[in-house]
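>>> build the 3D model from these lines:
(2 chains)
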Amino acid sequence: AQSVTQLGSHVSVSEGALVLLRCNYSSSVPPYLFWYVQYPNQGLQLLLKYTSAATLVKGINGFEAEFKKSETSFHLTKPSAHMSDAAEYFCAVRNYGGSQGNLIFGKGTKLSVKP
Amino acid sequence: GAGVSQSPSNKVTEKGKDVELRCDPISGHTALYWYRQRLGQGLEFLIYFQGNSAPDKSGLPSDRFSAERTGESVSTLTIQRTQQEDSAVYLCASSFKGGRATDTQYFGPGTRLTVL
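The predicted structure follows:
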């Protein structure tokens, strides 16, 4: 069975500082991993996804994530935080069980950006 | 083009009442998913429709929950005899093919359900 763990339910950074949101996965097969962002009162929007084509994945809004098999990690980073990055971020892994349809989500990390 | 839409955006109901939540997927998307997001929690998978195949109901928490989908269009999630623990945001997502692990799921804005 697959699972993801997001370390830190809340992360606070200053504007212009590095953003690092942590995600570790557990999977007995090569995983497909996703990062979604949720702005207040909105649905989830895909930031980026790992599909085994490249270990460093670039997404929208300047975010990127690196797949590290040896560390079972898929951490999300952005070199310089902007106030508009304040949101909740979810890491997810594609479910290989059952119909192989759904995503399995972490509990989310709320990012605050201080001026 | 239009994204996934859901209605109503908010629903307040009394314990024991039935509710219906609606999802309109992106046109042409064959796969449709329902998830539940309870306060402070990640998203929990509820049910998955793929084309004309039998739905994957493995995530439904009890027999009070059911869902239907008309062809490859609208879906309705029904919760019977609502309980306070059903209070959550219910999110719908759709994807083009659904059967490929790399397919992107596009989410609607959700329906916030409050059971008093």
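
>>> so where is the chain shaky, pLDDT-wise?
You didn't say which chain, so I picked chain A. Residues of chain A that meet the criterion pLDDT under 70 lie in A:97-100.

>>> actually it's chain B I care about, not the one you picked
In chain B, residues with pLDDT under 70: B:1, B:98-99, B:101.

>>> centroid-nearest residue for it?
Centroid-nearest residue in chain B: B:W34, 2.9 Å away (criterion: C-alpha atoms, centre = their mean).

>>> what pairs with that residue across the strands?
B:I47, B:C92 (DSSP bridges).

>>> might you report the residue contacts of it?
Shown in contact with B:W34 (C-beta atoms under 8 Å, 6 or more residues apart in numbering or on different chains): B:23, B:45-48, B:67, B:75, B:77, B:90-92. Backbone N, C-alpha and C define where each C-beta goes, glycine included.

>>> okay if I get the residues you listed as TSV plus neighbour count?
Output for the contacts of B:W34, formatted as TSV (neighbours: other C-beta atoms under 10 Å in any protein chain shown):
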residue	neighbour count
B:C23	27
B:F45	20
B:L46	22
B:I47	23
B:Y48	25
B:A67	22
B:S75	23
B:L77	24
B:Y90	22
B:L91	25
B:C92	28
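
>>> would you map the strands across chain B?
B:5-7, B:10-13, B:19-24, B:31-37, B:43-50, B:65-69, B:75-79, B:88-95, B:106-107, B:111-115 (DSSP state E).

>>> strands paired with the third one, and their directions?
Each strand pairing with strand B:19-24, determined using DSSP bridges, is listed with its direction: strand B:5-7 (antiparallel), strand B:75-79 (antiparallel).

>>> what about the strands of chain B, which gets the closest to A:L47?
Taking C-beta to C-beta, strand B:106-107 is the member of those nearest to A:L47, at 12.4 Å.

>>> of the strands paired with strand B:19-24, which stretch is the most buried?
Ranked by mean neighbour count, the strands paired with strand B:19-24 are led by strand B:75-79 with a mean of 20 (mean count of other C-beta atoms under 10 Å in any protein chain shown).
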